[in-house]
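Visitor: quick one, fold the following:
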Amino acid sequence: MRHSLHFLVLISLIESIGNLSGAEAAITIFDFQFDDPSGTNLVSAADGSGNGYSFAGSDYAGLETNGSGLLVFQPVVSVGNGLFGATRATRSFELSAADQITSSQNAQARFAMVIAPWNFSSPNGNDVSFQFGFGSGSATNVAAQFTLSRPINDNPSNQVFLGTSALGTGATSKPAEAVFDAVLSESVTIFIDLDKAQDLYSVSYQVGGGSEQVFFSGTTDSARDGRFIRFTHGGSGENRLVEPNSFAIDRITLTAVPEPTSAALLIFAGIACVCHRLRPSSPASGTE
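Guide: Here you go, the predicted model:
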């Protein structure tokens with residue numbers, strides 16, 4: 001009878017773990033969906049998570065949705081204002097102290113960007129390139145990021161290139177290489193998984209409903225955490241975002257895997273206690 005009761009308690013505790021894992025599998029830090037058909041400026045894009053993050057800042061003026069729920073890089077402001085000008089520009093916003101990705105909190109996080117289908121079969125002669133990822137300490141202090149580009153030079157098929165970069169001591173990167181065709185009829189989701197508990201990161205991608213493909217797995221500088229979300233555009237003296245047929249972003253999200261809660265720890269302690277009670281007692285000496 002006592003063992004039956006212990007078994008029931010054990011089953012209940014195991015079910016509790018299942019409920020906890022489902023409820024705490026991931027915490028949404030921000031969720032930008034560019035779904036305003038009126039043409040929301042990036043500065044005004046709402047954070048659907050309710051945490052109040054924003055790309056606010058005049059440097060982002062001119063990046064607008066295309067009226068169909070996509071954020072596009074297009075020349076809606078004059079070239080030379082620092083956004084579409086001939087110099088590289090980096091923008092960022094800082095995560096709140098509780099949301100930062102460090103070895104002591106939110107140690108594992110996933111950044112995801114959904115990019116709409118594209119058609120680069122007839123480019124107008126300009127490169128298209130941007131970077132998104134994690135910064136530490138400032139906008140320019142790279143922890144881990146990806147680069148998506150469609151270069152003109154040495155790219156006769158107008159393919160789209162993917163690359164990664166992580167800077168600092170012990171950090172590893174992968175140069176950009178052709179991954180996608182010039183014309184893509186399905187959306188592409190690019191992921192950055194950052195693990196500051198082990199100073200690792202990976203960049204992967206998924207085309208439409210296909211399987212996720214790992215592009216690169218590497219290491220990060222242990223001193224560089226995920227404290228900023230950084231966005232870089234332009235560069236190398238080229239007006240890289242003036243290409244009309246550019247990338248269009250549908251959604252960007254950041255989620256974190258939480259540390260075990262006190263409730264979870266109590267449940268594990270309870271399981272250990274029940275398992276101990278269910279162990280058969282050792283026979284007393286001389287009674288075999």
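
Visitor: shaky segments in this structure?
Guide: The chain contains residues with pLDDT under 70 at 1-25, 35-44, 56-91, 123-126, 138-140, 233-246, 259-288.

Visitor: now the helices for it?
Guide: 2-23, 262-278 (DSSP state H).

Visitor: residue 184: what's it in contact with?
Guide: Applying CB atoms under 8 Å, 6 or more residues apart in numbering, we find residue 184 in contact with 117, 118, 119, 160, 207. In short, each C-beta sits where N, CA and C put it, glycine included.

Visitor: scratch that, residue 113
Guide: 132, 189, 190, 249, 251, 252.

Visitor: quick check: it vs residue 153, distance?
Guide: 25 Å (CB to CB, to the nearest Å).

Visitor: burial of residue 255, as a residue count?
Guide: 18 (other CB atoms under 10 Å).

Visitor: what does residue 98 give?
Guide: 9.

Visitor: torsion angles phi and psi at it?
Guide: Dihedral angles of residue 98 (phi, psi; degrees, to the nearest 10) stand at phi -80, psi -20.

Visitor: so it is in contact with residue 105, correct?
Guide: Yes: using CB atoms under 8 Å, residue 98 makes contact with residue 105 at a distance of 7.4 Å.

Visitor: touching, residue 214 and residue 202? I think so.
Guide: Yes: under the criterion of CB under 8 Å, residue 214 makes contact with residue 202 at 5.9 Å.

Visitor: so for those two, which sits in the more crowded spot?
Guide: More crowded of residue 214 and residue 202, by other CB under 10 Å: residue 202, with 17 against 11.

Visitor: now the more buried one. Nearest residue, chain neighbours left out?
Guide: Among residues not flanking residue 202 along the chain, residue 217 sits closest, at 4.1 Å (CB to CB, 6 or more residues apart in numbering).

Visitor: wouldn't the one you found be in contact with residue 201 here?
Guide: Yes: in this structure, residue 217 is within contact of residue 201 by CB under 8 Å, at 7.5 Å.

Visitor: more neighbours, these two?
Guide: A direct count of neighbours by other CB under 10 Å for residue 217 and residue 201 places residue 201 higher, at 28 against 14.

Visitor: residues in contact with the nearest residue to the more buried one once chain neighbours are set aside?
Guide: Distances taken as CB to CB, 6+ apart place residue 144 nearest to residue 201, at 4.1 Å, with adjacent residues excluded. With contacts defined as CB under 8 Å, 6+ apart, residue 144 is in contact with 133, 134, 164, 165, 166, 171, 192, 194, 201, 218, 220, 226.
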